[in-house]
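Student: sharing a sequence plus its predicted fold:
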Amino acid sequence: MSHTRQYINAKVDVTSALGNLEKRTDQEAVRIRRYMAMSDLSRTPGSPLKEVIDRILAIPDYKDFDVIETSEIVSTEVTFDLFGFAKDHPARSKSDTYYVDDNHILRTHTTIMWYYYLRDKSVQERMSGGEPVGCFSYGKVYRKDEIDRKHMNVFHQIDAWYLAPKDKEILGKADLEKALANIAKAVIGQDVKFRFNEDSFPYTDPSIDMEVEVNGTWIELCGAGVVKGSVLDMLGVDSSKWTGWAMGPGLERFAMMSLELPDVRLLWSEDPRVKSQLKLGQKFQQVSKFPAITRDISFVVKNDFIPNNYFDLIRDVGGDLIEQVEQIDKYENKEKFGEGKVSYTYRITYRSLDCTLTNEEIDAIQKQIYDQTSEQYKAELR
(Lines give C-alpha, C1' and ligand atoms only; values in the text may rest on other atoms or scores of the structure.)
Protein backbone atom coordinates (compact mmCIF):
# COMPACT_ATOMS: atom_id res chain seq x y z
CA MET A 1 0.00 0.00 0.00
CA SER A 2 1.16 3.50 -0.83
CA HIS A 3 -1.57 5.83 0.26
CA THR A 4 -2.03 8.81 2.57
CA ARG A 5 -4.26 7.97 5.52
CA GLN A 6 -7.81 9.13 4.94
CA TYR A 7 -10.22 10.09 7.74
CA ILE A 8 -13.75 9.09 6.80
CA ASN A 9 -16.90 10.33 8.54
CA ALA A 10 -19.49 7.61 8.03
CA LYS A 11 -21.99 8.77 10.64
CA VAL A 12 -25.49 8.19 9.29
CA ASP A 13 -28.62 10.22 9.92
CA VAL A 14 -30.35 8.73 12.95
CA THR A 15 -32.43 11.82 13.72
CA SER A 16 -35.68 9.87 13.65
CA ALA A 17 -34.44 7.14 15.99
CA LEU A 18 -32.95 9.76 18.34
CA GLY A 19 -36.16 11.77 18.27
CA ASN A 20 -38.21 8.75 19.26
CA LEU A 21 -35.71 7.96 22.01
CA GLU A 22 -35.95 11.51 23.41
CA LYS A 23 -39.75 11.26 23.60
CA ARG A 24 -39.72 8.03 25.57
CA THR A 25 -39.93 8.12 29.35
CA ASP A 26 -39.46 4.40 30.11
CA GLN A 27 -36.48 3.28 32.18
CA GLU A 28 -34.68 1.65 29.24
CA ALA A 29 -34.78 4.89 27.22
CA VAL A 30 -33.51 6.89 30.19
CA ARG A 31 -30.53 4.58 30.69
CA ILE A 32 -29.72 4.49 26.95
CA ARG A 33 -29.57 8.29 26.89
CA ARG A 34 -27.32 8.22 29.97
CA TYR A 35 -24.95 5.65 28.43
CA MET A 36 -24.71 7.62 25.17
CA ALA A 37 -23.82 10.77 27.15
CA MET A 38 -20.79 9.07 28.73
CA SER A 39 -17.43 10.22 27.38
CA ASP A 40 -15.73 8.34 24.55
CA LEU A 41 -12.47 7.65 26.39
CA SER A 42 -10.76 6.57 23.16
CA ARG A 43 -11.00 10.23 22.09
CA THR A 44 -10.44 11.86 25.50
CA PRO A 45 -7.01 13.50 25.91
CA GLY A 46 -5.17 12.09 28.94
CA SER A 47 -7.08 8.80 28.94
CA PRO A 48 -4.95 5.66 28.61
CA LEU A 49 -7.51 4.38 26.08
CA LYS A 50 -6.67 7.27 23.76
CA GLU A 51 -2.99 6.48 24.35
CA VAL A 52 -3.65 2.90 23.20
CA ILE A 53 -5.30 4.28 20.03
CA ASP A 54 -2.43 6.70 19.37
CA ARG A 55 0.15 3.92 19.68
CA ILE A 56 -1.75 1.59 17.34
CA LEU A 57 -2.29 4.27 14.69
CA ALA A 58 1.45 5.05 14.81
CA ILE A 59 2.54 1.48 13.95
CA PRO A 60 4.65 1.79 10.76
CA ASP A 61 2.98 -1.17 9.02
CA TYR A 62 -0.38 0.61 9.34
CA LYS A 63 0.60 4.14 8.33
CA ASP A 64 -1.51 3.82 5.17
CA PHE A 65 -4.60 2.48 6.97
CA ASP A 66 -7.59 4.80 6.90
CA VAL A 67 -9.63 5.76 9.99
CA ILE A 68 -13.43 5.70 9.79
CA GLU A 69 -15.91 6.95 12.40
CA THR A 70 -19.40 5.46 12.49
CA SER A 71 -22.58 6.24 14.41
CA GLU A 72 -23.23 4.74 17.82
CA ILE A 73 -26.84 4.09 16.84
CA VAL A 74 -26.87 1.54 14.00
CA SER A 75 -29.39 -0.59 12.18
CA THR A 76 -30.02 -4.22 13.06
CA GLU A 77 -29.62 -5.05 9.36
CA VAL A 78 -26.03 -3.78 9.18
CA THR A 79 -25.12 -5.15 12.62
CA PHE A 80 -26.61 -8.61 12.38
CA ASP A 81 -27.90 -9.55 8.92
CA LEU A 82 -24.81 -8.55 6.91
CA PHE A 83 -22.51 -10.34 9.34
CA GLY A 84 -24.35 -13.63 9.22
CA PHE A 85 -25.92 -13.66 12.70
CA ALA A 86 -28.65 -16.31 12.81
CA LYS A 87 -32.17 -15.05 13.56
CA ASP A 88 -32.04 -16.75 16.96
CA HIS A 89 -28.47 -15.64 17.82
CA PRO A 90 -28.26 -14.47 21.48
CA ALA A 91 -26.73 -11.13 20.43
CA ARG A 92 -30.04 -10.18 18.79
CA SER A 93 -31.86 -10.60 22.10
CA LYS A 94 -33.02 -7.59 24.10
CA SER A 95 -31.36 -9.25 27.07
CA ASP A 96 -27.95 -8.79 25.39
CA THR A 97 -28.38 -5.65 23.28
CA TYR A 98 -29.79 -2.15 23.86
CA TYR A 99 -32.60 -1.51 21.36
CA VAL A 100 -33.37 2.11 20.49
CA ASP A 101 -36.36 0.90 18.46
CA ASP A 102 -37.27 -2.27 16.57
CA ASN A 103 -34.72 -1.56 13.82
CA HIS A 104 -31.95 0.34 15.63
CA ILE A 105 -29.59 -0.54 18.47
CA LEU A 106 -26.60 0.87 20.32
CA ARG A 107 -23.69 -0.66 18.40
CA THR A 108 -22.42 -3.87 19.94
CA HIS A 109 -19.13 -3.86 18.01
CA THR A 110 -17.12 -1.51 15.82
CA THR A 111 -16.89 -4.24 13.17
CA ILE A 112 -19.89 -2.57 11.50
CA MET A 113 -17.36 -0.19 9.94
CA TRP A 114 -16.66 -2.81 7.25
CA TYR A 115 -20.01 -2.07 5.62
CA TYR A 116 -19.54 1.71 5.67
CA TYR A 117 -15.90 1.60 4.62
CA LEU A 118 -16.72 -0.38 1.47
CA ARG A 119 -19.33 2.21 0.48
CA ASP A 120 -16.77 5.04 0.42
CA LYS A 121 -16.13 6.17 -3.17
CA SER A 122 -12.36 6.58 -2.84
CA VAL A 123 -12.08 3.09 -1.30
CA GLN A 124 -14.14 1.63 -4.15
CA GLU A 125 -11.88 3.36 -6.69
CA ARG A 126 -8.73 1.98 -5.08
CA MET A 127 -10.14 -1.53 -4.97
CA SER A 128 -11.28 -1.25 -8.60
CA GLY A 129 -7.65 -0.47 -9.43
CA GLY A 130 -6.51 -3.64 -7.65
CA GLU A 131 -5.05 -1.81 -4.64
CA PRO A 132 -5.13 -3.34 -1.15
CA VAL A 133 -6.96 -1.28 1.49
CA GLY A 134 -6.86 -1.15 5.29
CA CYS A 135 -8.83 0.64 7.96
CA PHE A 136 -9.29 1.32 11.69
CA SER A 137 -12.48 2.20 13.55
CA TYR A 138 -12.79 2.75 17.29
CA GLY A 139 -15.06 4.10 20.00
CA LYS A 140 -17.72 3.16 22.55
CA VAL A 141 -19.74 -0.04 22.22
CA TYR A 142 -22.59 -1.31 24.38
CA ARG A 143 -23.56 -4.77 25.60
CA LYS A 144 -25.70 -5.84 28.53
CA ASP A 145 -23.45 -7.73 30.88
CA GLU A 146 -22.81 -8.93 34.41
CA ILE A 147 -21.32 -6.54 36.93
CA ASP A 148 -17.79 -7.08 38.24
CA ARG A 149 -14.48 -5.23 38.51
CA LYS A 150 -13.28 -6.25 35.02
CA HIS A 151 -16.35 -5.50 32.90
CA MET A 152 -18.73 -2.67 32.13
CA ASN A 153 -21.71 -2.61 29.81
CA VAL A 154 -20.25 0.50 28.16
CA PHE A 155 -16.73 -0.12 26.89
CA HIS A 156 -14.40 0.66 23.97
CA GLN A 157 -13.19 -1.32 20.99
CA ILE A 158 -10.89 -0.84 18.02
CA ASP A 159 -11.47 -2.75 14.81
CA ALA A 160 -8.85 -3.15 12.12
CA TRP A 161 -9.01 -4.92 8.79
CA TYR A 162 -6.92 -5.30 5.68
CA LEU A 163 -8.10 -6.46 2.24
CA ALA A 164 -5.82 -7.52 -0.61
CA PRO A 165 -6.35 -8.93 -4.11
CA LYS A 166 -5.57 -12.65 -4.18
CA ASP A 167 -3.38 -12.19 -7.25
CA LYS A 168 -1.05 -10.12 -5.05
CA GLU A 169 -1.13 -12.02 -1.74
CA ILE A 170 -2.97 -14.79 0.07
CA LEU A 171 -3.44 -14.04 3.76
CA GLY A 172 -3.07 -16.73 6.42
CA LYS A 173 -2.00 -17.40 10.00
CA ALA A 174 1.44 -15.84 9.57
CA ASP A 175 -0.21 -12.53 8.64
CA LEU A 176 -2.53 -12.78 11.65
CA GLU A 177 0.37 -13.43 14.00
CA LYS A 178 2.30 -10.47 12.61
CA ALA A 179 -0.72 -8.18 12.97
CA LEU A 180 -1.28 -9.17 16.60
CA ALA A 181 2.43 -8.97 17.44
CA ASN A 182 2.53 -5.43 16.03
CA ILE A 183 -0.30 -4.41 18.36
CA ALA A 184 1.23 -6.06 21.45
CA LYS A 185 4.65 -4.48 20.90
CA ALA A 186 3.20 -1.03 20.27
CA VAL A 187 0.91 -1.01 23.30
CA ILE A 188 2.72 -3.15 25.89
CA GLY A 189 6.35 -2.72 24.78
CA GLN A 190 8.89 -4.20 22.38
CA ASP A 191 10.04 -6.81 24.91
CA VAL A 192 6.54 -8.20 25.56
CA LYS A 193 6.31 -12.00 25.65
CA PHE A 194 3.42 -13.42 23.65
CA ARG A 195 2.10 -16.68 22.23
CA PHE A 196 -0.73 -17.70 19.89
CA ASN A 197 -3.59 -20.18 20.13
CA GLU A 198 -6.22 -21.34 17.67
CA ASP A 199 -9.60 -19.73 18.25
CA SER A 200 -13.03 -19.30 16.68
CA PHE A 201 -14.88 -16.07 15.79
CA PRO A 202 -18.17 -15.48 13.93
CA TYR A 203 -16.72 -13.66 10.89
CA THR A 204 -13.29 -15.27 10.43
CA ASP A 205 -11.67 -18.61 9.64
CA PRO A 206 -8.96 -19.53 10.45
CA SER A 207 -8.81 -17.53 13.68
CA ILE A 208 -6.22 -17.16 16.44
CA ASP A 209 -5.86 -15.35 19.73
CA MET A 210 -2.78 -13.95 21.42
CA GLU A 211 -1.80 -14.26 25.06
CA VAL A 212 0.81 -12.06 26.72
CA GLU A 213 2.73 -12.76 29.89
CA VAL A 214 2.13 -10.45 32.85
CA ASN A 215 3.92 -11.20 36.12
CA GLY A 216 4.32 -14.85 35.18
CA THR A 217 0.67 -15.30 34.15
CA TRP A 218 -0.53 -15.70 30.58
CA ILE A 219 -3.50 -13.42 29.81
CA GLU A 220 -5.54 -13.40 26.60
CA LEU A 221 -5.22 -9.99 24.96
CA CYS A 222 -6.93 -10.10 21.58
CA GLY A 223 -7.68 -12.20 18.54
CA ALA A 224 -7.63 -12.00 14.77
CA GLY A 225 -8.78 -14.04 11.80
CA VAL A 226 -8.98 -14.34 8.04
CA VAL A 227 -12.33 -12.87 6.96
CA LYS A 228 -14.75 -15.58 5.83
CA GLY A 229 -15.50 -15.55 2.11
CA SER A 230 -19.24 -15.68 2.86
CA VAL A 231 -18.99 -12.45 4.86
CA LEU A 232 -17.00 -10.71 2.11
CA ASP A 233 -19.62 -11.80 -0.44
CA MET A 234 -22.47 -10.43 1.71
CA LEU A 235 -20.59 -7.12 1.89
CA GLY A 236 -20.28 -7.01 -1.90
CA VAL A 237 -16.63 -8.07 -2.14
CA ASP A 238 -15.87 -10.98 -4.51
CA SER A 239 -14.25 -13.55 -2.22
CA SER A 240 -12.84 -15.42 -5.23
CA LYS A 241 -10.65 -12.38 -5.89
CA TRP A 242 -10.09 -10.82 -2.44
CA THR A 243 -8.75 -11.95 0.91
CA GLY A 244 -8.53 -10.12 4.23
CA TRP A 245 -7.69 -10.25 7.92
CA ALA A 246 -9.51 -8.58 10.79
CA MET A 247 -9.30 -7.99 14.53
CA GLY A 248 -11.48 -6.18 17.07
CA PRO A 249 -9.94 -6.05 20.55
CA GLY A 250 -11.35 -4.22 23.58
CA LEU A 251 -9.29 -1.22 24.68
CA GLU A 252 -9.97 -1.61 28.41
CA ARG A 253 -8.14 -4.93 28.41
CA PHE A 254 -4.98 -3.30 26.99
CA ALA A 255 -5.06 -0.48 29.54
CA MET A 256 -5.89 -2.64 32.56
CA MET A 257 -3.10 -5.04 31.66
CA SER A 258 -0.52 -2.32 31.10
CA LEU A 259 -1.45 -0.45 34.29
CA GLU A 260 -2.24 -3.59 36.35
CA LEU A 261 -5.47 -1.80 37.17
CA PRO A 262 -7.71 -3.58 39.72
CA ASP A 263 -11.05 -2.03 38.73
CA VAL A 264 -12.35 -0.92 35.33
CA ARG A 265 -14.27 1.96 36.95
CA LEU A 266 -10.94 3.67 37.64
CA LEU A 267 -10.61 4.46 33.92
CA TRP A 268 -13.56 6.85 34.31
CA SER A 269 -12.34 8.46 37.55
CA GLU A 270 -12.11 12.25 37.84
CA ASP A 271 -10.01 12.01 41.01
CA PRO A 272 -6.68 13.76 40.19
CA ARG A 273 -4.81 11.23 42.35
CA VAL A 274 -6.10 8.49 40.04
CA LYS A 275 -5.98 10.37 36.72
CA SER A 276 -2.33 11.33 37.20
CA GLN A 277 -1.43 7.63 37.31
CA LEU A 278 -3.36 6.50 34.23
CA LYS A 279 -0.44 6.30 31.83
CA LEU A 280 0.43 3.14 29.91
CA GLY A 281 3.31 1.18 31.41
CA GLN A 282 2.95 2.82 34.82
CA LYS A 283 1.82 0.35 37.50
CA PHE A 284 -1.19 1.74 39.33
CA GLN A 285 -0.74 2.37 43.06
CA GLN A 286 -3.89 2.25 45.14
CA VAL A 287 -4.82 5.75 46.26
CA SER A 288 -6.73 4.23 49.14
CA LYS A 289 -8.50 0.90 49.40
CA PHE A 290 -11.87 1.85 50.81
CA PRO A 291 -13.81 -0.97 52.47
CA ALA A 292 -16.64 -2.79 50.74
CA ILE A 293 -20.17 -3.19 52.06
CA THR A 294 -22.26 -6.14 50.92
CA ARG A 295 -26.00 -6.59 50.96
CA ASP A 296 -28.11 -9.54 49.81
CA ILE A 297 -31.47 -9.36 48.12
CA SER A 298 -33.82 -12.35 47.71
CA PHE A 299 -37.03 -12.42 45.71
CA VAL A 300 -39.42 -14.64 43.78
CA VAL A 301 -40.28 -13.71 40.17
CA LYS A 302 -41.80 -15.22 37.05
CA ASN A 303 -39.49 -17.59 35.17
CA ASP A 304 -39.15 -15.10 32.25
CA PHE A 305 -36.89 -12.97 34.49
CA ILE A 306 -33.71 -11.83 32.63
CA PRO A 307 -30.67 -11.26 34.90
CA ASN A 308 -28.87 -8.87 32.49
CA ASN A 309 -31.87 -6.53 32.57
CA TYR A 310 -31.90 -6.72 36.36
CA PHE A 311 -28.22 -5.73 36.47
CA ASP A 312 -29.16 -2.58 34.58
CA LEU A 313 -31.73 -1.77 37.26
CA ILE A 314 -29.03 -2.13 39.92
CA ARG A 315 -26.72 0.14 37.87
CA ASP A 316 -29.52 2.69 37.56
CA VAL A 317 -29.90 2.94 41.34
CA GLY A 318 -26.37 2.31 42.63
CA GLY A 319 -24.35 3.90 39.84
CA ASP A 320 -20.57 3.83 40.29
CA LEU A 321 -20.86 2.46 43.83
CA ILE A 322 -21.68 -1.02 42.51
CA GLU A 323 -18.50 -3.08 42.35
CA GLN A 324 -20.00 -6.52 41.76
CA VAL A 325 -23.27 -8.44 41.69
CA GLU A 326 -23.16 -12.21 42.28
CA GLN A 327 -25.98 -14.69 41.99
CA ILE A 328 -25.59 -16.85 45.09
CA ASP A 329 -28.82 -18.83 44.89
CA LYS A 330 -31.51 -19.80 42.40
CA TYR A 331 -34.17 -22.47 42.77
CA GLU A 332 -37.73 -23.45 41.90
CA ASN A 333 -40.26 -24.93 44.29
CA LYS A 334 -43.78 -25.30 42.90
CA GLU A 335 -45.27 -26.13 46.28
CA LYS A 336 -43.65 -23.11 47.94
CA PHE A 337 -43.69 -20.42 45.22
CA GLY A 338 -46.26 -21.64 42.69
CA GLU A 339 -46.11 -22.64 39.03
CA GLY A 340 -43.68 -20.74 36.79
CA LYS A 341 -41.95 -18.93 39.66
CA VAL A 342 -38.22 -18.83 40.51
CA SER A 343 -36.41 -17.68 43.63
CA TYR A 344 -33.18 -15.67 43.23
CA THR A 345 -30.68 -14.35 45.73
CA TYR A 346 -28.05 -11.79 44.68
CA ARG A 347 -25.16 -10.40 46.69
CA ILE A 348 -24.41 -6.78 45.86
CA THR A 349 -20.94 -5.45 46.69
CA TYR A 350 -20.76 -1.69 47.17
CA ARG A 351 -17.43 0.12 47.16
CA SER A 352 -16.60 3.73 46.45
CA LEU A 353 -13.36 4.56 44.69
CA ASP A 354 -13.27 7.92 46.49
CA CYS A 355 -14.48 7.57 50.06
CA THR A 356 -15.64 5.24 52.83
CA LEU A 357 -19.30 4.40 52.52
CA THR A 358 -21.60 4.35 55.52
CA ASN A 359 -24.18 1.71 56.30
CA GLU A 360 -26.85 4.41 56.26
CA GLU A 361 -25.96 5.42 52.69
CA ILE A 362 -26.01 1.83 51.47
CA ASP A 363 -29.22 0.97 53.30
CA ALA A 364 -30.95 3.85 51.51
CA ILE A 365 -29.70 2.62 48.11
CA GLN A 366 -30.58 -0.97 48.96
CA LYS A 367 -34.12 0.11 49.86
CA GLN A 368 -34.44 1.78 46.44
CA ILE A 369 -33.29 -1.45 44.79
CA TYR A 370 -35.84 -3.40 46.86
CA ASP A 371 -38.61 -1.00 45.88
CA GLN A 372 -37.70 -1.01 42.17
CA THR A 373 -37.35 -4.81 42.14
CA SER A 374 -40.85 -5.10 43.54
CA GLU A 375 -42.30 -2.45 41.22
CA GLN A 376 -40.61 -3.33 37.92
CA TYR A 377 -40.61 -7.12 38.25
CA LYS A 378 -43.69 -7.63 40.43
CA ALA A 379 -41.28 -9.54 42.65
CA GLU A 380 -42.17 -11.06 46.01
CA LEU A 381 -39.35 -9.95 48.28
CA ARG A 382 -38.12 -12.50 50.80
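Tutor: Thanks, I have it. Since this is a predicted model, take the numbers as computed values, not measurements.

Student: so which residues of the stretch 201-350 of the chain form strands?
Tutor: 204-214, 217-227, 242-247, 293-302, 322-331, 341-350 (DSSP state E, counting those that start in this stretch).

Student: most packed of those strands?
Tutor: strand 242-247 (a mean of 23; mean count of other C-beta atoms under 10 Å). All C-beta spots, glycine's among them, are computed from the backbone N, C-alpha and C.

Student: that strand pairs with which strands?
Tutor: Partner strands for strand 242-247, per DSSP bridges, with pairing direction: strand 154-165 (antiparallel), strand 217-227 (antiparallel).

Student: run the chain-centre distance for the longest one.
Tutor: So that's strand 154-165. 13 Å (C-alpha atoms, centre = their mean, to the nearest Å).

Student: now do that strand against strand 204-214, angle only.
Tutor: Orientation check (axes from the mean of the first three to the mean of the last three C-alpha atoms, to 10 degrees): strand 154-165 against strand 204-214 gives 130 degrees.

Student: so for strand 154-165, mean pLDDT?
Tutor: Mean per-residue pLDDT for strand 154-165: 96.

Student: want to throw the strands of the stretch 201-350 of the chain into JSON lines with mean pLDDT and distance to Met257?
Tutor: Formatted as JSON lines, these follow (pLDDT from 0 to 100; distance: least, C-beta to C-beta, whole Å):
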{"stretch": "strand 204-214", "mean pLDDT": "91", "distance to Met257": "6"}
{"stretch": "strand 217-227", "mean pLDDT": "91", "distance to Met257": "6"}
{"stretch": "strand 242-247", "mean pLDDT": "95", "distance to Met257": "16"}
{"stretch": "strand 293-302", "mean pLDDT": "96", "distance to Met257": "28"}
{"stretch": "strand 322-331", "mean pLDDT": "94", "distance to Met257": "20"}
{"stretch": "strand 341-350", "mean pLDDT": "96", "distance to Met257": "23"}
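
Student: let's have those in TSV, adding distance to Phe80.
Tutor: Output for the strands of the stretch 201-350 of the chain, formatted as TSV (distance: least, C-beta to C-beta, whole Å):
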stretch	distance to Phe80
strand 204-214	17
strand 217-227	17
strand 242-247	17
strand 293-302	28
strand 322-331	28
strand 341-350	29
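
Student: any idea which of these gets closest to Ser93?
Tutor: strand 293-302 (17.3 Å; C-beta to C-beta).

Student: before we move on, back to that, and the strands paired with strand 242-247 as a markdown table, adding distance to Ser200?
Tutor: Output for the strands paired with strand 242-247, formatted as a markdown table (distance: least, C-beta to C-beta, whole Å):
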| stretch | distance to Ser200 |
| --- | --- |
| strand 154-165 | 18 |
| strand 217-227 | 8 |
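
Student: figure out which of these is closest to Ser75.
Tutor: Nearest to Ser75, of all the strands paired with strand 242-247, is strand 154-165, at 17.4 Å by C-beta to C-beta.

Student: need the next SSE after the closest one, C-terminal direction.
Tutor: Sequence-wise, the next helix or strand downstream of strand 154-165 (DSSP states H and E) is helix 173-187.

Student: could you check the angle strand 217-227 makes with that following helix?
Tutor: 130 degrees.

Student: return the list of helices and strands in contact with helix 173-187.
Tutor: Packing partners of helix 173-187 (3 or more C-beta pairs under 8 Å, 6 or more residues apart in numbering; DSSP states H and E): helix 48-57, strand 194-201, strand 204-214, strand 217-227, strand 242-247.

Student: distance to Asp316 added to these, as JSON lines?
Tutor: Listed next are the helices and strands packed on helix 173-187 as JSON lines, based on distance: least, C-beta to C-beta, whole Å:
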{"stretch": "helix 48-57", "distance to Asp316": "24"}
{"stretch": "strand 194-201", "distance to Asp316": "32"}
{"stretch": "strand 204-214", "distance to Asp316": "34"}
{"stretch": "strand 217-227", "distance to Asp316": "31"}
{"stretch": "strand 242-247", "distance to Asp316": "34"}
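
Student: so which of these gets nearest Phe284?
Tutor: When these are compared by C-beta to C-beta, helix 48-57 sits nearest Phe284, at 10.0 Å.

Student: give the buried residues for the closest one.
Tutor: Residues of helix 48-57 classed as buried by neighbour count (16 or more other C-beta atoms under 10 Å): 48-53, 55-57.

Student: related to what we said a few turns ago, between the strands of the stretch 201-350 of the chain, which one is closest to Val287.
Tutor: Of all the strands of the stretch 201-350 of the chain, strand 322-331 sits nearest to Val287, with 15.5 Å by C-beta to C-beta.
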